[in-house]
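Novice: Sequence first, predicted model second:
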Amino acid sequence: MAALLLLAAFLLLAVVLFYKKRTLYWKRRGIPGPEPSLVVGNLLHLLNYNFPGVLQLREWTKKYGKCYGIQEGWNNVLVVSNVDMLQELFVKKFECFHGRKLFSLAPDPDTEPIVNVFDARGARWKRLRNMSNSSFTVNHLKKVMPTVQHSVDVMVEFLNEKADKGESFDIHPFYQELTMDVIERIAMGQKGSRQFQNPFIDDVKGVFTRKHDLFFTVTPVAFPFLKNVVRKLLWSSYSFKEMLDKFFRTVGERKEARDRGEREELDEFGNARVDFIDVFLDAECDEVHEESEFIRSGQKVEKKLTMGEVVSQCLVFLLAGFDTTANSLAYVTFCLAKNPSIQRRLQEEIEKICSDGEITYDQLQKLSFMDKVVKETLRLYPLTSFASSRLCMKSTTLGNIKVRKGDYVQADVFSVHYDDKLWPNPEKFDPDRWNSDEKRHPSLGYLLELGRECASVCGWLFWNKNCSDQDPPEIQHCFCA
């Protein structure tokens, strides 16, 4: 008995010393940062719902500078807000940082069959990216415009019902219904609009508002050997399994219909059907062979997808597009409601370019002020900031800092977006700061891209429908966030 207690004490001491050594990782390298706790590091500070993690990074940046180290459980993370280092991270040395800092329970990006373009890395990422790009050609986007316009028309009808009552309301759920409607129609082949009648939306919302997240987030990061166990618990406890099952059913049914020669050529508006499931299934095969080593340019990749990758591509299209686009639209609406003079300028541009009331992709490209409004909104309210991160795949340097293979690098987006040396009067909503003659660091454009295009399309359609027939004060009264 005494021997067992002694052994247990020895093992406990060994574990404590091992974790203690990890907490000193950045200090041993002479890189400043907040003091991490023994097991979870600085993770609990980043998961504080009363003070979001992105704002915590900003506070640490004020204290420790534009490059410092933190620990997210087992992971060593270098936080950077120096724009020259970010340019190296995302562009100049991309071949060293083609992996992402993924959700702790994400599938293995190299070996799992169900991996999407966001999670993938190396040659697999390059193949999936090439396949995804083929789904978003100008020709495809032009074909889906009538579907997007119809979904916007349906949403506006719901908004008019609220406006007729003269009551204030939260517009964000309306945008969530809109984005879900559009994605399911153009990606999953849903026929007709199902806004406020789509039971699937509650499952998707549950992904972003899950309870008990702390256990599922912290445990696999602090104790990596428990990752597979916790992952199985997660998939069995929440809506992930139901959601994935639905996608497998939908894709499987579509594949069976195609095998029988039952392929719809026209959509509900009489246009050639553009269904992203079909685009991905056109490239479906049983197995894909590829080199594991990533080559930045000149690397040939197979334009093929496994069935698991087809499903995962559709799933990430939904998850990545649903909340980010809805949030972008809500923030744009808020900024316009708070700045009626800018709202009037936007209305005037829309009325000038879209005088016939019809909506075309070519007209969208001419709405330069709309693009500036969306960019400025996303500068003030950057979305998915933690997604702007990378995993070091090959030891290198950023600036004069050595980054080792296995280290993570996190861009502190909020600090960059509110840096008064980069943006004069950064707290002010000023779309004109995006005039073409304004010079800014090239890395700043990267940090704003996520969500901008979708917000521009849906936002323009929404404001075109509401601004063309009403005066600005009436718009602000009826349609404010």
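Specialist: That came through, no problem.
Novice: distance of the residue nearest to the spatial centre of the chain from residue 14?
Specialist: Centroid check for the chain by C-alpha atoms, centre = their mean gives residue 320 as the closest residue, at 4.8 Å. From residue 320 across to residue 14, the span is 42 Å (C-beta to C-beta, to the nearest Å). Backbone N, C-alpha and C define where each C-beta goes, glycine included.
Novice: what does residue 191 give?
Specialist: From residue 191 to residue 14 the distance is 61 Å (C-beta to C-beta).
Novice: cool, and residue 318?
Specialist: When residue 318 is compared with residue 14 (using C-beta to C-beta), they lie 45 Å apart.
Novice: More neighbours: which of these two?
Specialist: residue 318 (20 against 10; other C-beta atoms under 10 Å).
Novice: if you skip the residues just before and after it, what's nearest to that one?
Specialist: When the adjacent residues along the chain are set aside, residue 318 lies closest to residue 183, with 5.4 Å between them (C-beta to C-beta, 6 or more residues apart in numbering).
Novice: Show me how far stretch 119-132 is from its chain's centre.
Specialist: Put simply, stretch 119-132 sits 16 Å off its chain's centre (C-alpha atoms, centre = their mean, to the nearest Å).
Novice: cool, and stretch 96-111?
Specialist: Going by C-alpha atoms, centre = their mean, where stretch 96-111 is centred and where its chain is centred differ by 15 Å.
Novice: Which residue, neighbours along the chain excluded, lies closest to residue 205?
Specialist: With sequence-adjacent residues excluded and distances taken as C-beta to C-beta, 6+ apart, residue 205 is closest to residue 176, at 7.2 Å.
Novice: Residues in contact with the strand or helix carrying that neighbour: which ones?
Specialist: Following DSSP states H and E, one finds residue 176 within helix 172-187. Identification of contacts with helix 172-187 by C-beta atoms under 8 Å, 6 or more residues apart in numbering yields 144, 147-148, 151-152, 154-155, 158-159, 190-196, 198, 200-201, 204-205, 274-277, 314, 317-318, 321-323, 325-327, 329-330, 454, 458, 481.
Novice: Stretch 13-29 too?
Specialist: Applying C-beta under 8 Å, 6+ apart, the contact partners of stretch 13-29 are 32-33, 36-39, 41, 68-71, 74, 76, 78, 402.
Novice: buried set for stretch 349-366?
Specialist: Buried residues in stretch 349-366, defined by neighbour count with 16 or more other C-beta atoms under 10 Å: 349-350, 353-354, 359, 363-364.
Novice: from those residues, which is closest to residue 226?
Specialist: Closest approach to residue 226 among the buried residues of stretch 349-366 (C-beta to C-beta): residue 364, at 48.1 Å.
Novice: which SS state does that closest one fall under?
Specialist: When classified by DSSP: H, G, I helix; E, B strand; the rest coil, residue 364 comes out as helix.
Novice: Quick check, pLDDT for it.
Specialist: Residue 364 is assigned 86 on the pLDDT scale.
Novice: how far away is it from residue 255?
Specialist: In this view, residue 364 and residue 255 are 33 Å apart by C-beta to C-beta.
Novice: what mean pLDDT would you report for the one helix or strand residue 346 maps to?
Specialist: Using DSSP H and E, residue 346 sits within helix 340-353. Here helix 340-353 scores 93 as its mean pLDDT.
Novice: returning to what we had before: can you say which of the contacts of helix 172-187 are buried?
Specialist: Restricting the contacts of helix 172-187 to buried positions leaves 144, 147-148, 151-152, 154-155, 159, 190, 193-195, 198, 200-201, 204-205, 274-277, 314, 317-318, 321-323, 325-327, 329-330, 454, 458, 481, with burial counted as 16+ other C-beta under 10 Å.
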